[in-house]
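*Asks:* give the three-dimensional model of this entry:
(one chain, ligands or ions: 2)
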Amino acid sequence: MIIDPWSSEKYEYEKLFENFGIERFTPNLWNDLPNAPFFFRRNIVFGHRDFDKIKRAINSNGKWAILTGLMPSGKMHFGHKIVIDQVIYYQSIGADINIAVADIEAYATRGFSLKEAERLAIEEYIVNYIALGLKPCRIYFQSRNEDVKDLAYLLAKKANLSQVNAIYGFQGSTNMTHVFAPFIQTGDILHVQMEKYGGLRPTLVPVGVDQDPHIRFCRDLADAHRLYSIIPKNEKVGIFVKTDENVKELLNIAEDIAGEHGEVLERIDSYKAVYARIKDIISLDYELAEAERKFSEHIFLLPSSTYHRFISGLDGNKMSSSKPQYALFLTDEPSDARKKIWAAKTGGAISAEEQKKHGGKPEECMIYELFTYGLIREDKELEDIYRRCKEGSLLCGQCKKYAFQLLEEFLNELKEKRDNARERIKEYLH
Ligand code: TRP
Ligand code: SF4
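*Replies:* Ligands and ions are numbered 1, 2, ... in the order given. Below you'll find the model as predicted:
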């Protein structure tokens, strides 16, 4: 089983934990964050890697960054909105926000020219991001950032073709620009830790779960460039020097830093190892990485990630701009949105009589899903709809009417804000 980031399949979320080692995004990770947002409370963000590092940074007022990307390959729909909802939340709690416009990836994998990609990125995405409430931050184009492209090339030194094929299932006929796309994405994710962009610090990449292969790949590449490997075992930690240069000096440093974080148990030069008893692995890793930077410039903390569920299209399959009749776009006219809502798949019974008697199935309803994905922000109101649907006192006609009312209000307001947003784009593009 592989995850293909360029296909449009639906996912069996449960399998991702077992097969790929994605961790569950449990409430202990977010319930003490300020104003826990709906996408946490409703388990829309359901998985993560290394979110603990980010949580630690937030709680200790440390530096941290967000890096995510947008693929300018069509119109922005409600499925795309969930990422920017998260970015806006993280911005509100003090994150340093970086957004990559994946124009090289759109060129490589979707057949767009860079020019078309630029137009779509601005008109469809960035303008909507600003209208949705994103404050000034850093948005850049992959094709115009030399540091991103340099990293893509230079870090590729520690990857080979079989490794890339094993992750992505590339074939002999795969176009080379496509093969290069994951390296560019690695450049995106890691370059924010370069001195010029804020320095070494925990970086969170909030993405849809289809992006996990890129995250794994990026983490592997970052790891391959580290000079130490840190291996916790029960109460103990082994710190191993991976290179053959500066071994003595690196061991001295490891010994010093380990000593500051706990108790050094043993140093064995012939194993290039320091063993210690240390609880706080996160800050050990951080300080070792800082020290490693004196020896190599390509030292990065492994990035953290979160994964969200995809919103369904109104037909119950994955929402996609290639099926516009079942996708809700942020630029839809209310009259179009009304038609789509009206035709949406619900969890209603075959007749009103039947539904009054036995109730509906909100779990299978696209309207209810829309509510969950942010059209309704208050949990109490959502729970109320759930209950009334289940008990048969709320019928689909009335419910759709309400959904449309909320949507119409949202679309109209967004449209107005977009006009204003266009004038402010310069504050975002870097
Ligand atoms: N590959 C992502 C997509 O298809 C876009 C992207 C490019 C991205 N660079 C990134 C996402 C860096 C997260 C981080 O949507
Ligand atoms: Fe969905 Fe509302 Fe119908 Fe329930 S009443 S099935 S939530 S549309």
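*Asks:* need the per-residue pLDDT for the most far-flung residue of the chain relative to its centre.
*Replies:* Relative to the C-alpha centroid of the chain, counting by CA atoms, centre = their mean, Glu353 is the outermost residue, at 43.8 Å. pLDDT for Glu353: 96.
*Asks:* okay, the residue in the stretch 101-250 of the chain positioned nearest to ligand 2 and Tyr168: tell me how far apart.
*Replies:* Using CB to the nearest ligand atom, Gly208 is the residue of the stretch 101-250 of the chain that sits closest to ligand 2, at 24.2 Å. Yep, even glycine has a C-beta here, placed from its N, CA and C like the rest. Going from Gly208 to Tyr168 by CB to CB, to the nearest Å gives 16 Å.
*Asks:* Phe240 now?
*Replies:* Taken as CB to CB, the span from Phe240 to Tyr168 is 29 Å.
*Asks:* ok, the two, which is more surrounded?
*Replies:* Tyr168 (21 against 17; other CB atoms under 10 Å).
*Asks:* so which residues on the chain come close to ligand 1?
*Replies:* By the rule CB under 6 Å from any ligand atom, the part of the chain lying against ligand 1 is 67-69, 71, 100, 102, 105, 185, 188-189, 205, 207, 211.
*Asks:* looking at those, which is nearest ligand 1?
*Replies:* Gly69 (2.3 Å).
*Asks:* pretty sure the closest one sits in a strand.
*Replies:* Yes: following the definition DSSP: H, G, I helix; E, B strand; the rest coil, Gly69 is counted among the residues of a strand.
*Asks:* so what's Tyr69 up against?
*Replies:* Quick fix: residue 69 is Gly, not Tyr. 99-102, 105, 185, 188, 207 (CB atoms under 8 Å, 6 or more residues apart in numbering).
*Asks:* where does the prediction get shaky in the chain?
*Replies:* Counting by pLDDT under 70, the ranges of the chain that qualify are 8-9.
*Asks:* got the domain ranges for it?
*Replies:* By the assignment in automatic domain parsing, the chain contains the domains 13-225+301-308, 228-292, 332-427.
*Asks:* would you mind finding the most buried of those?
*Replies:* Of all the domains of the chain, domain 13-225+301-308 has the most neighbours on average by mean count of other CB atoms under 10 Å, namely a mean of 19.
*Asks:* first to last residue in it, what's the distance?
*Replies:* 10 Å (CA to CA, to the nearest Å).
*Asks:* quick one: the helices in the stretch 251-400 of the chain, in order.
*Replies:* 281-292, 334-343, 352-358, 366-370, 379-391, 396-422 (DSSP state H, counting those that start in this stretch).
*Asks:* export these to TSV and tack on distance to Phe112?
*Replies:* What follows is the helices of the stretch 251-400 of the chain, written out as TSV (distance: least, CB to CB, whole Å):
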stretch	distance to Phe112
helix 281-292	37
helix 334-343	24
helix 352-358	45
helix 366-370	29
helix 379-391	38
helix 396-422	22
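*Asks:* touching ligand 2 at all, stretch 336-351?
*Replies:* Yes: contact of stretch 336-351 with ligand 2 (CB under 6 Å from any ligand atom) involves 346-348.
*Asks:* any idea how far apart the tips of that stretch sit?
*Replies:* End-to-end distance (CA to CA), stretch 336-351: 26 Å.
*Asks:* quick one: Val274 from ligand 1, how far?
*Replies:* From Val274 across to ligand 1, the span is 34 Å (CB to the nearest ligand atom, to the nearest Å).
*Asks:* tell me who's in contact with that residue.
*Replies:* So Val274 contacts 238-239, 251, 254-255, 258, 264, 266-267 (CB under 8 Å, 6+ apart).
*Asks:* beta partners for it?
*Replies:* Ile239, Arg267 (DSSP bridges).
*Asks:* now, the contacts of Gly69 that are in strands?
*Replies:* 99-101, 207 (DSSP state E).
*Asks:* and the two most separated of the residues you listed?
*Replies:* With CB to CB as the measure, no two of the ones in strands among the contacts of Gly69 lie farther apart than Val101 and Val207, at 14.8 Å.
*Asks:* which parts of the chain sit against ligand 2?
*Replies:* Contact residues, the chain versus ligand 2 (CB under 6 Å from any ligand atom): 346-348, 360, 362, 365, 367-368, 385, 389, 394-396, 399-400.
*Asks:* of these, closest to Ser322?
*Replies:* Lowest distance from Ser322 to those (CB to CB) belongs to Ile367, with 22.2 Å.
*Asks:* just checking, the closest one touches Gln398?
*Replies:* No: in this structure Ile367 lies outside contact range of Gln398 using CB atoms under 8 Å: 10.8 Å.
*Asks:* can you tell me the closest non-neighbouring residue to Lys196?
*Replies:* Nearest non-adjacent residue to Lys196, counting by CB to CB, 6 or more residues apart in numbering: Asp147, 6.9 Å away.
*Asks:* pull the contacting residues for that neighbour.
*Replies:* 187, 191, 194, 196-197.
*Asks:* host element of it?
*Replies:* For Asp147, the element it lies in under DSSP states H and E is helix 146-155.
*Asks:* distance from that helix to the middle of the chain?
*Replies:* Distance of helix 146-155 from the chain centroid (CA atoms, centre = their mean, to the nearest Å) equals 21 Å.
*Asks:* from Ser305, how far out is the residue of the stretch 51-200 of the chain found nearest ligand 2?
*Replies:* Across the stretch 51-200 of the chain, no residue is closer to ligand 2 than Phe78, which sits at 16.4 Å (CB to the nearest ligand atom). In this view, Phe78 and Ser305 are 22 Å apart by CB to CB.
*Asks:* who's in contact with Glu391?
*Replies:* Counted by CB under 8 Å, 6+ apart, Glu391 has contacts Gly359.
*Asks:* how close does it get to Asn145?
*Replies:* For Glu391 relative to Asn145 (CB to CB), the value is 55 Å.
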